[in-house]
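K.L.:
Any chance you can model this:
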Amino acid sequence: MLKRDIEAIKVYKQAIGIEPDLHGVHASLGDAYFRLGLYHEALNSYKEEIRRHPDSYMTYWWLGSAYGMLDRRYDEIEAYKQAIRIKPDYARAHFSLGLTYAIIGEIDLALREYRILKDLDEEWAKTLFKTIYK
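P.N.:
Numbering: from 1, shown residues only. Sure, this is the predicted structure:
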């Protein structure tokens, strides 16, 4: 995966040089950085994708994940909330938001996400519940 991601970064940068507004290219660059553990670079790429395409709910989720890898929990929470604002039924964002709330000890807020998630994805809801009460 390492070699493939390094090559992908080169390709995405070339694509950005040709067509910087191409939908998804900055997010894909961020994903390659993320897989390499280059979270600050991933953040910058995700932010650029959001600047150019502000309704990219999946990019907000990835932004939150990168913040989480850097232990920036409150930024992580805000990114997941933005993903949910754009796509209220985005189960992955509700799960991640609930998990992050559990990590910081906000159990009531984690349970709120669990209740929402029960209607969206029962398996993720069960996993979140088990995580909250482990």
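
K.L.:
Could you list the low-pLDDT ranges of this protein?
P.N.:
Counting by pLDDT under 70, the chain has low-confidence residues at 1.

K.L.:
any chance you could map the helices in it?
P.N.:
Secondary structure of the chain, counting by DSSP state H: helices at 2-18, 25-35, 39-52, 57-69, 73-86, 91-103, 107-120, 122-132.

K.L.:
The nearest residue to Leu97 once chain neighbours are set aside and Gly17: what is the separation?
P.N.:
Counting by Cβ to Cβ, 6 or more residues apart in numbering, Tyr80 is the residue found nearest to Leu97 once chain neighbours are left out, at 4.1 Å. C-beta here means a position set from N, CA and C on the backbone, and glycine is covered the same way. In this structure, Tyr80 and Gly17 are 31 Å apart, going by Cβ to Cβ, to the nearest Å.

K.L.:
same question, Thr59
P.N.:
Counting by Cβ to Cβ, the gap between Thr59 and Gly17 amounts to 20 Å.

K.L.:
just Pro88 next, same as before
P.N.:
Between Pro88 and Gly17 the distance is 36 Å, computed by Cβ to Cβ.

K.L.:
Name the residue in those two with the higher neighbour count.
P.N.:
When Pro88 and Gly17 are compared for neighbours, Pro88 comes out ahead with 12 against 8, by other Cβ atoms under 10 Å.
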